[in-house]
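J.: Attaching a predicted model along with its sequence, questions to come.
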Amino acid sequence: MVCGKIGPFDGSFLMAKKENKQAAAAAAAPPAIRVAVIAFRGVSPFHLAIPGVVFGEAFGPSPAFEVFVCAAEPQPLRTSMGYELSGLRGLAQAAAADVIVVPSWRDVEERPPEPLLKLLRQAHARGADVIGLCLGAHVLAEAGLLAGKRATTHWEYAQRMAARYPEVELLPDVLYVEEPGLMTSAGTAAGIDACLQFVRQRLGSSKATELARRLVVAPHRSGGQAQFIHQPLPLTQGSSRLSQLLADVRASLHEPHTLDTLAAAACMSRRHFTRLFRTITGTTVHQWLLTERLQRAQNLLERTDQSIEAVAGLAGFGSAESLRLHFRRNFKTSPQQWRRAFQGELAAGAAPTALAR
């Protein structure tokens, strides 16, 4: 048997095949969500950076968002740190954005430029999402977008916002508030929570959790900003015991939990437990349990092939009908629609599994 000489390996065919596969995947991917971040004179670099980090840099080489910064005033713009920004896009280029983020505002007593207010009104009218982080909520209110709606802002300015815009239902003790096409957040770092929540609603809770891990922040803080208004309490035996109890409850959401059973498990009176729970979490037992159960249901719907009934049981809702009710109330959709919305993510990643606790 005569064997021919084998020459050097030519990997061009495999490389071409790989490139074709990547091109096909890119063509099948939905278009990036365009996010315009508004800059202005005196803008805080930290506030300006939040949308870019959450929506842009943290997603790596294949971002789901296209983030760009638009100047609301003539450039260069001097920041609160004293350096200047230039080379930004003009305000007119934000008109085609899917999302417009006002990251803050320099003075709640100063009316923002009329072109910016007009842009926000037109964006909301055409169906774009408008987000006001921290004092950016005041800009949305000045534009008339929050009239008759719920909103929040930095707790230090909540009373002034309530007095200036009495038509807004202000919720000063939460981290963020969602209304159709609108979102407002509490102060400073709560902007990260709000942006993560937007990612959660657009891309699913598992993607938001993965992103939070990369940012080294909590995926979801169920407490509100009320816990930050006063100096935090030192760690006590009671608060340490409560923290362990909450971890245990998260691992057993399928079991029935009530204020009375949790107080008994913590060896506290109902009144003392309620007060300590509110101090540490910034919310009530009922609301904390609901938030944790909704998160658990989202993860199960996105990452497993469990039936709706099974998901309801594992998340602690008891019945599929109860799960549907809470999804409609909190997410304006059904569990089935939520699962369908993220089928692409499951198909692109690992196969669904049947998780249970």
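T.: Cool, got the structure.
J.: Excluding chain neighbours, give the residue nearest to G52 in space.
T.: Excluding its sequence neighbours, the residue lying closest to G52 (CB to CB, 6 or more residues apart in numbering) is V67, at 5.2 Å. All C-beta atoms are positioned from the backbone trio N, CA, C, and that covers glycine.
J.: Compute the number of surrounding residues for that neighbour.
T.: Neighbours of V67 under the rule other CB atoms under 10 Å: 22.
J.: wait, doesn't it sit right on F55?
T.: Yes. Counting by CB atoms under 8 Å, V67 does reach F55; the two are 5.0 Å apart.
J.: Please enumerate the shared neighbours of the two.
T.: V35 (CB atoms under 8 Å, 6 or more residues apart in numbering).
J.: Give me the below-cutoff pLDDT ranges for the stretch 101-250 of the chain.
T.: Residue ranges of the stretch 101-250 of the chain with pLDDT under 70: 220-239.
J.: what are the ranges of the helices in it?
T.: 114-125, 136-142, 158-164, 190-203, 205-215, 237-250 (DSSP state H, counting those that start in this stretch).
J.: If you count contacts, what does the first one end up packed against?
T.: Packed against helix 114-125 by the contact rule (3 or more CB pairs under 8 Å, 6 or more residues apart in numbering; DSSP states H and E) you find strand 99-102, strand 129-132, helix 136-142.
J.: can I have the second one written out in CSV, keeping just the CAs?
T.: Backbone C-alpha positions of strand 129-132 (Å, rounded to 0.1, in the frame of the first residue of the first chain) are rendered in CSV as follows:
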residue,chain,number,x,y,z
ASP,A,129,-38.1,54.4,27.5
VAL,A,130,-37.1,57.4,29.6
ILE,A,131,-35.1,56.8,32.8
GLY,A,132,-34.3,59.5,35.4
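J.: Pull the residues that contact it.
T.: Contacts with strand 129-132, where a contact means CB under 8 Å, 6+ apart, come from 51, 98-102, 120, 123-124, 138-140, 145, 151, 153, 181-185, 194-195, 198.
J.: can you rerun that using 6 Å?
T.: 99-102, 120, 123-124, 139-140, 181-184 (CB atoms under 6 Å, 6 or more residues apart in numbering).
J.: what pairs with that strand, and is each one parallel or antiparallel?
T.: When pairing is defined by DSSP bridges, strand 129-132 lines up against strand 99-102 (parallel), strand 182-185 (parallel).
J.: pLDDT wise, what is K21 at?
T.: K21 carries a pLDDT value of 56.
J.: From here on, call the first residue 536.
T.: Will do, 536 is the new start, and the previous item becomes K556.
J.: Helices of the stretch 786-892 of the chain, residue ranges please.
T.: 794-800, 805-816, 820-838, 843-850, 855-866, 870-876, 878-883.
J.: could the ones you listed go into JSON lines alongside mean neighbour count?
T.: Converted to JSON lines, the helices of the stretch 786-892 of the chain look like this (neighbours: other CB atoms under 10 Å):
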{"stretch": "helix 794-800", "mean neighbour count": "16"}
{"stretch": "helix 805-816", "mean neighbour count": "16"}
{"stretch": "helix 820-838", "mean neighbour count": "20"}
{"stretch": "helix 843-850", "mean neighbour count": "20"}
{"stretch": "helix 855-866", "mean neighbour count": "16"}
{"stretch": "helix 870-876", "mean neighbour count": "16"}
{"stretch": "helix 878-883", "mean neighbour count": "12"}
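J.: could you dump those helices to CSV with distance to R776?
T.: Below are the helices of the stretch 786-892 of the chain laid out as CSV (distance: least, CB to CB, whole Å):
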stretch, distance to R776
helix 794-800, 9
helix 805-816, 9
helix 820-838, 15
helix 843-850, 25
helix 855-866, 29
helix 870-876, 34
helix 878-883, 38
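J.: Out of those, which gets nearest to S621?
T.: In terms of CB to CB, the element of those nearest to S621 is helix 878-883, at 38.5 Å.
J.: Could you measure from the residue lying closest to A753 once chain neighbours are set aside over to R813?
T.: Spatial nearest neighbour of A753, excluding adjacent residues (CB to CB, 6+ apart): A747 at 6.6 Å. In this view, A747 and R813 are 24 Å apart by CB to CB, to the nearest Å.
J.: which residues does L623 contact?
T.: Neighbouring residues of L623 by CB under 6 Å, 6+ apart: A574, V604, A606.
J.: try 7 Å this time
T.: When contacts are counted by CB atoms under 7 Å, 6 or more residues apart in numbering, L623 is found next to A574, V604, C605, A606, Q610.
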